[in-house]
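> structure for the following, please:
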Amino acid sequence: MPGSVVLVGGDPGIGKSTLLLQMAGQLAASDFRIAYISAEESPAQIRLRAGRLGALCESLHVMAETSLAAILDQLRSASPLAVVIDSIQTIYMPELESAPGSVTQVRECAARLVYLAKESGIPTFLVGHVTKEGTVAGPRVLEHLVDTVLYLEGERHHHFRILRAAKNRFGSTNEIGIFEMRDQGLIEVSNPSKLLLAERAEGVSGSAIVCSMEGTRPLLIEIQALVSRSSFGYPQRVATGIDAKRLSIIIAVLEKRCGHDLSSEDIFVNVVGGIRLDEPAVDMGVGLAIISSFRNKPIDAKTVAIGEVGLGGEIRPVNQIDRRVAEARSLGFEQCLVARSNLQGWKRPEGMEVVGVGGMEAVEALAFGSS
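So this is what the prediction gives:
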């Protein structure tokens, strides 16, 4: 949108600069004058990276500058179609006594850039690093100044990246972009479920398939669990890709409602592919993976578990169940375990067995038998 300001946040090295340089290169390839201003890299470094990404173009103008005054003067004289500032924490105003990256500098520099964008109508993209808590470094007011806040998520040592909108004045925040990091940059993943399940080993205990809604897109993702006798007095509970508190609740439900003694077991749960899941619809799959590893019995490779687990052990319904089941069927799965109340109000697809369950005890009996 003309005059819009977009803040792109993410961990260092996650691919923010790569994504925005690719975007700037595609816009410049259409004969639009784009300004890419870096306060972290030299023009020679940016040229090397642009060549690797296929973003070299005469209409893409690169400037290495940390002074906000010089940046504003250049933007007013050049009048580009769009501008990328990489990053907001490294530019500064000389008249302010505080150091670059401080609260005062980040707030004032961002406010000046927002004013220029609104005054001139130039869409502006700001790169922002995040803290250990996952928020954009600097004042929280920075997120209120901009029109759109995007977060690029993922693990640095995994291939997949998710671009997620936390705020959007001009559209929905329910859409996401899924990319794979390759030598030539970030490449769109058209069928992420198939790619995430490509390396799955069948016949191994502790593995369960869940379906999570990422924005409006259903994703089939593998949950892995490892339950092992603890060698120390206090058992470990390690969660990667899911909330650790949610894992503790599921373990407590399995102990109280299903009768499993997990008090002396180390439990490790991992979401394959570096994806982070915050949706309660994956609870049933997490519980099944833990039981599978504890009993050393594999789950049927063609089964998908979709449901939230309540404190009473009951399986609660989730939204958009028809889209989740359709995604599972399209990838060749034959059975879906869902909440009993999710069976009403929609037509099940042919070739897919959809089984309604009332609680985790019934889920365990169905997946592993009553013994």
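> now the element after the helix or strand hosting residue 84, going C-ward?
Applying DSSP states H and E as the criterion places residue 84 in strand 82-86. Counting by DSSP H and E, the next helix or strand C-terminal to strand 82-86 is helix 103-120.
> what's the nearest residue to residue 222 if we skip its chain neighbours?
Nearest non-adjacent residue to residue 222, counting by Cβ to Cβ, 6 or more residues apart in numbering: residue 272, 4.2 Å away. All C-beta spots, glycine's among them, are computed from the backbone N, C-alpha and C.
> quick one, strands of the stretch 201-350 of the chain?
Using DSSP state E, counting those that start in this stretch, the strands assigned to the stretch 201-350 of the chain run over residues 207-214, 217-229, 237-240, 265-271, 303-305, 308-309, 315-316, 335-339.
> any chance of the ones you listed in CSV, plus distance to residue 184, mean neighbour count and mean pLDDT?
CSV is the format used below for these (distance: least, Cβ to Cβ, whole Å; neighbours: other Cβ atoms under 10 Å; pLDDT from 0 to 100):
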stretch, distance to residue 184, mean neighbour count, mean pLDDT
strand 207-214, 24, 24, 94
strand 217-229, 24, 20, 95
strand 237-240, 28, 15, 95
strand 265-271, 27, 20, 96
strand 303-305, 33, 25, 97
strand 308-309, 40, 21, 97
strand 315-316, 44, 22, 97
strand 335-339, 37, 23, 97
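> quick check: which of these is nearest to residue 128?
strand 207-214 (22.1 Å; Cβ to Cβ).
> neighbouring strands - and their directions - for the closest one?
Counting by DSSP bridges, the strands paired with strand 207-214 are strand 217-229 (antiparallel), strand 303-305 (parallel).
> mind saving the C-alpha coords of the first one as PDB?
Presented in PDB, the C-alpha positions along strand 217-229 are these (Å, rounded to 0.1, in the frame of the first residue of the first chain):
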ATOM      1  CA  ARG A 217      -3.600 -23.600   5.400                       C
ATOM      2  CA  PRO A 218      -3.800 -27.100   7.000                       C
ATOM      3  CA  LEU A 219      -0.300 -28.700   7.600                       C
ATOM      4  CA  LEU A 220       0.400 -32.300   8.400                       C
ATOM      5  CA  ILE A 221       3.300 -32.500  10.700                       C
ATOM      6  CA  GLU A 222       5.100 -35.300  12.500                       C
ATOM      7  CA  ILE A 223       5.400 -35.200  16.300                       C
ATOM      8  CA  GLN A 224       8.200 -37.300  17.800                       C
ATOM      9  CA  ALA A 225       8.400 -38.400  21.400                       C
ATOM     10  CA  LEU A 226      11.100 -40.300  23.300                       C
ATOM     11  CA  VAL A 227      10.300 -41.700  26.800                       C
ATOM     12  CA  SER A 228      13.200 -43.100  28.600                       C
ATOM     13  CA  ARG A 229      13.900 -44.200  32.200                       C
END
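> ok now that strand, how far from the chain's centre?
How far strand 217-229 lies from its chain's middle: 16 Å, per Cα atoms, centre = their mean, to the nearest Å.
> what bridges to the closest residue to residue 230 other than its chain neighbours?
Excluding the flanking residues, the one nearest residue 230 by Cβ to Cβ, 6+ apart is residue 266, at 4.8 Å. Beta bridges link residue 266 to residue 228 when assigned by DSSP bridges.
> what do you get for residue 9?
Judged by DSSP bridges, the bridge partners of residue 9 are residue 128, residue 151.
> please report the distance of it from residue 113.
Going from residue 9 to residue 113 by Cβ to Cβ, to the nearest Å gives 16 Å.
> output the strands of the stretch 201-350 of the chain as JSON lines; include the columns distance to residue 146.
Below are the strands of the stretch 201-350 of the chain laid out as JSON lines (distance: least, Cβ to Cβ, whole Å):
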{"stretch": "strand 207-214", "distance to residue 146": "23"}
{"stretch": "strand 217-229", "distance to residue 146": "25"}
{"stretch": "strand 237-240", "distance to residue 146": "31"}
{"stretch": "strand 265-271", "distance to residue 146": "30"}
{"stretch": "strand 303-305", "distance to residue 146": "38"}
{"stretch": "strand 308-309", "distance to residue 146": "34"}
{"stretch": "strand 315-316", "distance to residue 146": "36"}
{"stretch": "strand 335-339", "distance to residue 146": "39"}
